[in-house]
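Visitor: can you look at this prediction? I've put the sequence above it.
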Amino acid sequence: MTEQKAKQEERDQYNYENFQEIMEELKEHDYDKVGLQGPDGIKDELIEFGSQLKSHGIEPVMIGASSFGACGIADEKAERMGADALVHVGHTRFLHPEGADMDDLNVYYMPYREDRDLMGVLEDDYEKIEEETVGLVGVTQYMDRAEKAREFLESKGYEVVDGKKGLRTTEPGQVLGCDAGAAHNISHKVDAFVFLGSGEFHPSQVSEAGKKVYVVDPYERHIWIEPPNSLDDEMQAEYARVIKHKDKKRWGVVTSSKKGQNYMRAAEIAKEKLERHGKEVFLFVEDRIFESDYKGYDIDIYVNCACPRMTKDWQDLSFVSTRALDVLDEVEIEHE
């Protein structure tokens with residue numbers, strides 16, 4: 001069996017490429033009621049699929065809240081509504097690094113594939129890529145074009161190393177905001193990365209592998225460069241926030257009740273570390289975490305053990321990652 005075919009079979013174990021494939025599975029299992037979940041941008045398509053389910057005698061249960069990732073799988077909500085299965089559209093299956101079971105219900109994943117002309121951008125702008133050996137990674141919206149991208153780059157003389165699976169991903173080469181292992185696992189084999197996707201958040205995670213990242217951006221319509229280790233400044237800012245609050249007695253540790261964001265082991269480790277430094281620690285947990293929920297507490301700094309995006313976005317609340325706590329071992333603490 002070729003490596004490419006093995007990758008495809010492994011992906012097919014979890015993920016489906018269209019509603020028709022899922023419909024055949026649902027009919028084969030003779031389900032009576034099925035939950036439907038997805039992000040804001042494709043809710044019209046979910047309603048259309050719900051109509052198709054009705055025409056086959058299957059009652060759809062719509063999960064109203066938007067989904068930002070498969071880390072927030074709504075299988076428990078669907079099950080409470082009497083559903084036999086859940087169709088999660090927009091993302092691939094999420095693997096929990098602490099070993100938690102992500103699928104209490106029968107869950108069918110259908111990643112959303114953007115139809116923007118990513119290959120046109122690569123073909124028009126590839127000469128910006130200076131390095132000869134590159135790793136190929138990206139977000140799930142464009143990973144269906146990874147093979148074409150690799151073939152094109154190889155035809156232009158580049159040596160291409162396919163990204164591996166990360167700790168949380170089921171699709172080879174796929175990068176999540178909380179998992180760039182697809183890149184880090186091959187960084188020793190490449191001189192740079194080619195990233196299929198847009199935005200700064202995911203490429204910045206890839207850059208932590210210590211290599212330049214060429215972002216093939218179908219929204220900006222050109223290739224732009226994320227420099228190596230571009231998060232170093234943000235990490236230094238986190239260290240500075242910890243040092244600023246090092247003498248504060250009360251600290252918060254935040255995790256989420258969402259299955260894929262519930263890192264209780266990490267939260268307990270952070271709590272124990274802070275307590276060794278004489279802190280009074282309060283654990284916080286909720287489903288959807290909003291910045292406004294934390295403004296009324298007499299706590300000056302929070303350690304984020306949920307979605308890493310909060311550490312980036314909520315700097316005014318002094319959210320820091322667990323990694324930033326290492327600086328406490330290097331400073332003198334005098335509690336107020």
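Guide: In hand now; what should we look at?

Visitor: contacting residues for the residue nearest to the spatial centre of the chain?
Guide: Nearest to the mean C-alpha position of the chain, by Cα atoms, centre = their mean, lies residue 176 at 3.0 Å. By Cβ atoms under 8 Å, 6 or more residues apart in numbering, the contact set of residue 176 is 69, 94, 166, 168-169, 202. C-beta coordinates here come from the backbone N, C-alpha and C atoms, glycine included.

Visitor: what pLDDT does it get?
Guide: Per-residue confidence at residue 176 stands at 89 (pLDDT).

Visitor: return the member of the contacts of residue 176 nearest to residue 209.
Guide: Ranked by distance to residue 209 (Cβ to Cβ), these are led by residue 166 at 11.7 Å.

Visitor: what's the neighbour count on the nearest residue to the closest one once chain neighbours are set aside?
Guide: Nearest residue to residue 166, sequence neighbours excluded (Cβ to Cβ, 6 or more residues apart in numbering): residue 181, at 3.0 Å. Residue 181 is flanked by 22 other residues according to other Cβ atoms under 10 Å.

Visitor: so who does residue 181 touch?
Guide: Taking Cβ under 8 Å, 6+ apart, one finds 164-169 in contact with residue 181.

Visitor: and these, which is closest to residue 75?
Guide: Taking Cβ to Cβ as the measure, residue 75 lies nearest residue 168 of these, at 16.9 Å.

Visitor: look up how far residue 20 lies from the spatially closest residue to that closest one that is not a sequence neighbour.
Guide: Nearest residue to residue 168 in three dimensions, chain neighbours excluded: residue 179, at 4.2 Å (Cβ to Cβ, 6+ apart). Distance, residue 179 to residue 20, using Cβ to Cβ, to the nearest Å: 30 Å.

Visitor: do residue 202 as well
Guide: To residue 20, residue 202 is 29 Å away according to Cβ to Cβ.

Visitor: more crowded one of the two?
Guide: Using other Cβ under 10 Å as the criterion, residue 202 and residue 20 rank with residue 202 on top: 24 against 11.

Visitor: doesn't the more buried one belong to a strand?
Guide: No - Residue 202 sits outside any strand when classified using DSSP: H, G, I helix; E, B strand; the rest coil, being helix.

Visitor: now do the strands in this protein.
Guide: Ranges of strands within the chain are 33-37, 59-62, 85-90, 106-111, 133-138, 159-162, 192-196, 212-217, 222-226, 250-256, 280-286, 302-304, 319-321, based on DSSP state E.

Visitor: state the mean pLDDT of stretch 303-312.
Guide: pLDDT averaged over stretch 303-312 gives 81.

Visitor: need the contact partners of that stretch.
Guide: Applying Cβ under 8 Å, 6+ apart, the contact partners of stretch 303-312 are 71, 177-178, 201, 234, 238, 251-256, 258, 261-264, 266-267, 270, 274, 289, 291, 319-322, 324-325.

Visitor: narrow these to those that are buried.
Guide: 71, 177-178, 238, 251-256, 258, 261-263, 266-267, 270, 274, 289, 319-322, 324-325 (16 or more other Cβ atoms under 10 Å).

Visitor: ok so, going back, widest-spaced pair of the contacts of residue 181?
Guide: 164 and 168 (12.6 Å).

Visitor: same drill for these two, tell me which one is more crowded.
Guide: residue 168 (21 against 18).

Visitor: just flag the most distant two among the contacts of residue 176.
Guide: For these, the farthest-apart pair by Cβ to Cβ is 94 and 202; their separation is 15.3 Å.

Visitor: got a list of what residue 125 touches?
Guide: Taking Cβ under 8 Å, 6+ apart, one finds 216, 222-223 in contact with residue 125.

Visitor: so which of those wins on neighbours?
Guide: When those are compared by neighbour count (other Cβ under 10 Å), residue 216 ends up highest, at 28 neighbours.

Visitor: thought that one was touching residue 149?
Guide: Yes - the criterion here is Cβ atoms under 8 Å, and residue 216 meets it with residue 149 at 7.4 Å.

Visitor: what is the neighbour count of the residue nearest to residue 245 when sequence neighbours are not counted?
Guide: Nearest residue to residue 245, sequence neighbours excluded (Cβ to Cβ, 6+ apart): residue 301, at 4.2 Å. Burial measure for residue 301: 20 neighbouring residues, criterion other Cβ under 10 Å.

Visitor: hang on, isn't residue 301 packed against residue 248?
Guide: Yes - using Cβ under 8 Å as the test, residue 301 is close enough to residue 248 to be in contact (6.4 Å).
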